[in-house]
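1. Got a predicted structure plus its sequence, pasted below:
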Amino acid sequence: MKIMALNRALGETITDPIAVDIIPDSAIIKDRKPFFMPDFSSKWEYDLNIAVRVNRLGKNVGEKFANRYYDAITLCLRMIPMDMIEKLSVAGITSNLASSFDGAIILGDWQSIELFKNK
């Protein structure tokens with residue numbers, strides 16, 4: 001499994017190239033397990049995002065066929081250790097890897113995309 005986080009807020013201009021974080025799948029908390037606050041940070045924030053489950057492999061997918069490659073969506077929380085991010089930025093490092101630790105992403109229940117399509 002691959003996790004890609006597009007670093008763009010709604011309404012923001014799309015940059016070229018698009019900023020993407022590749023996150024290890026160990027960052028996802030699965031099967032409704034609890035989240036435990038790691039002790040390596042004392043200042044936490046979270047991002048609320050939409051997660052899309054891609055169910056097929058493919059490259060160079062045409063826009064016409066894109067809807068065949070995903071089947072469910074959910075909400076997710078990505079936990080961010082802000083004091084660690086601040087320390088890295090002072091050192092000149094601008095990376096979101098600090099929020100890619102094991103158990104950093106809390107997923108909601110997957111909902112079929114069919115529920116959201118216009119009928």
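-> Structure received. Residues are numbered from 1 along each chain as shown.

2. how about the strands of this structure, start to end?
-> With strands called from DSSP state E, the chain shows them at 3-6, 20-23, 28-29, 44-54, 70-81, 105-107, 111-112.

3. so where's this protein shaky on pLDDT?
-> The chain contains residues with pLDDT under 70 at 1-10, 94-95, 118-119.

4. re earlier: do you know which of the strands of the chain lies nearest Ile14?
-> strand 3-6 (9.4 Å; Cβ to Cβ). All C-beta spots, glycine's among them, are computed from the backbone N, C-alpha and C.

5. residues contacting Phe35?
-> Ile29, Met79, Gly103, Ile106 (Cβ atoms under 8 Å, 6 or more residues apart in numbering).

6. what's the closest of those to Lys117?
-> Closest approach to Lys117 among the contacts of Phe35 (Cβ to Cβ): Ile106, at 26.1 Å.

7. list the contacts for that closest one?
-> Per Cβ under 8 Å, 6+ apart, neighbours of Ile106: Ile29, Phe35, Cys76, Leu77, Met79.

8. quick revisit: just name the most buried of the strands of the chain.
-> Mean neighbour count, computed with mean count of other Cβ atoms under 10 Å, is highest for strand 105-107 among the strands of the chain, reaching a mean of 20.
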